[in-house]
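Colleague: A structural model of the following input is requested.
(one chain, ligands or ions: 1)
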Amino acid sequence: MATPVSAPADSVDVALVQVASPDSESRDERIARVEALLLANPGADVYVLPELWSAGYFSFDAYDALAESLDGPTVAMGRRVAAALDAWIHLGSIVERDPSGRLHNTAVLIAPSGLVAQTYRKIHVFGYQSLESELLTPGETLSVVSSPLGATGSTTCYDLRFPGLWQELSDRGAEAVVVPAAWPAARREHWRLLTQARAVEHQLWVVAVNACGVQRGVELGGSSRIVDPSGRVLAECGADEEVLRCRIDVGLTAVVRAEFPVLGDRLDRSAYPGLSTASGEETA
Ligand SMILES: O=C(O)CCC(=O)C(=O)O
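Modeller: You can find the predicted model right below:
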């Protein structure tokens, strides 16, 4: 008889909830559909959704009408489901209207109690073939909170291209970073490369959940994935809607960092300008 293999003590069951936001579906229909989907997949410790899935990332003309506060219908659904499943829900992001009326692309992490544990307003709003940077106000703060994934940071989609932001999260102790996205299929290989590069650079878990399907004529890339702190891809979704479960050992971050202590060799930021002058590159 085979010996049952028990999961390590700090093993966490993560569900990548890759959903589409078809133009034919209203925001409220989509919230109801995704709530049913989550409730039909109990048992994970952490569920992660894509960027702006309820409004639809490419529905720029509807952002104003669909903007919501942190008490709005998308977050209310996440809070209900977190309590019902006794799980953490990273709700991806919503179009948030702040008390002064400005709109943001805000990621929301909800604890099993139903309380909001973290919010993050996307800092690098996107302007290439996108109206996001015209319509939304960038965020100004980062946060790292404790979750079953360890010290957890949040970044959103285009932020993947900006290593300085990740450096800051890493400096603040992040052991895992969640990346909700609406990343087009046209640049799927960048998505794959960058999710792995950020994991390797900072020796942390990357839990990256993309949208799929077609929105306003744009095909989204799917390929939601979990990358471990040494850059190995442990799970990757296909191109269609799917809930993909993967057990991860969150203690691996410490193991990888101890075994190959790159982070300790990082120089203080002030060292870099001095180095370039010393090598003969004159500054103006
Ligand atoms: O950087 C990219 O290629 C995609 C970024 C994007 O779609 C977004 O930030 O929503």
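Colleague: Just to check, residue 185 is in contact with residue 213?
Modeller: No. In this structure residue 185 lies outside contact range of residue 213 using CB atoms under 8 Å: 10.1 Å. Where C-beta positions appear, they are placed from N, C-alpha and C, glycine not excepted.
Colleague: got any residues that touch both of those two?
Modeller: 219, 220 (CB atoms under 8 Å, 6 or more residues apart in numbering).
Colleague: residue boundaries of the helices in the stretch 151-284 of the chain?
Modeller: Residue ranges of the helices in the stretch 151-284 of the chain, as given by DSSP state H, counting those that start in this stretch, are 163-171, 188-202, 252-259, 271-278.
Colleague: who in this protein is up against the ligand?
Modeller: 51, 57, 126, 157, 158, 161, 182, 183, 184, 187, 190 (CB under 6 Å from any ligand atom).
Colleague: In contact with residue 153, which residues are there?
Modeller: Counted by CB under 8 Å, 6+ apart, residue 153 has contacts 120, 142, 143, 144, 169, 172, 174, 176, 177, 178.
Colleague: Would you mind naming the residues that bridge with it?
Modeller: Taking DSSP bridges as the rule, residue 153 bridges to residue 144, residue 177.
Colleague: one step back: save the residues of the chain next to the ligand as TSV, and put in neighbour count and pLDDT too.
Modeller: Shown next, in TSV, are the residues of the chain next to the ligand (neighbours: other CB atoms under 10 Å; pLDDT from 0 to 100):
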residue	neighbour count	pLDDT
51	26	98
57	28	98
126	21	97
157	28	98
158	22	98
161	13	98
182	28	98
183	28	98
184	21	98
187	13	98
190	15	98
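Colleague: which residues touch residue 165?
Modeller: Under the criterion of CB under 8 Å, 6+ apart, the neighbours of residue 165 are 123, 124, 142, 155, 159.
Colleague: Can you give me the pLDDT of the second one?
Modeller: You'll see residue 124 listed with a pLDDT of 98.
Colleague: re the thing from before, which of the contacts of residue 165 are buried?
Modeller: Neighbour counting over the contacts of residue 165 (16 or more other CB atoms under 10 Å) leaves 123, 124, 142, 155, 159 as the buried ones.
Colleague: and the residues you listed, which two are the farthest apart?
Modeller: The widest separation within the buried ones among the contacts of residue 165, taken as CB to CB, falls between 124 and 142 and amounts to 11.9 Å.
Colleague: so residue 127, which of the three states?
Modeller: For residue 127, the secondary structure call by DSSP: H, G, I helix; E, B strand; the rest coil comes out as coil.
Colleague: can you offset everything so residue one is 47?
Modeller: Done: numbering now begins at 47, and the last item shifts to residue 173.
Colleague: Provide the count of other residues in contact range of the nearest residue to it once chain neighbours are set aside.
Modeller: Closest residue in space to residue 173, ignoring its immediate chain neighbours: residue 179 at 3.6 Å, by CB to CB, 6 or more residues apart in numbering. Counted with other CB atoms under 10 Å, the neighbours of residue 179 add up to 14.
Colleague: now do residue 292
Modeller: 16.
Colleague: Excluding sequence neighbours, find me the nearest residue to residue 157.
Modeller: residue 163 (4.4 Å).
Colleague: check contacts around that neighbour.
Modeller: Counting by CB under 8 Å, 6+ apart, residue 163 has contacts 134, 155, 156, 157, 191, 193.
Colleague: Between which two of the residues you listed is the distance greatest?
Modeller: Farthest pair in the contacts of residue 163, by CB to CB: 156 and 191, 11.5 Å.
Colleague: Please identify which of those two sits among more neighbours.
Modeller: residue 156 (24 against 16).
Colleague: Next secondary structure after whichever helix or strand the residue nearest to residue 157 is part of?
Modeller: Assigned by DSSP states H and E, residue 163 belongs to strand 162-167. Later in the chain than strand 162-167, the nearest helix or strand by DSSP H and E is helix 178-181.
Colleague: Distance from the chain centre to that next one, please.
Modeller: 20 Å (CA atoms, centre = their mean, to the nearest Å).
Colleague: Output it as PDB, restricted to C-alpha atoms.
Modeller: In PDB, the C-alpha atoms belonging to helix 178-181 read as follows (Å, rounded to 0.1, in the frame of the first residue of the first chain):
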ATOM      1  CA  GLU A 178      -6.900  53.700 -18.000                       C
ATOM      2  CA  SER A 179      -4.300  56.400 -17.400                       C
ATOM      3  CA  GLU A 180      -6.700  59.100 -18.500                       C
ATOM      4  CA  LEU A 181      -9.600  57.900 -16.400                       C
END
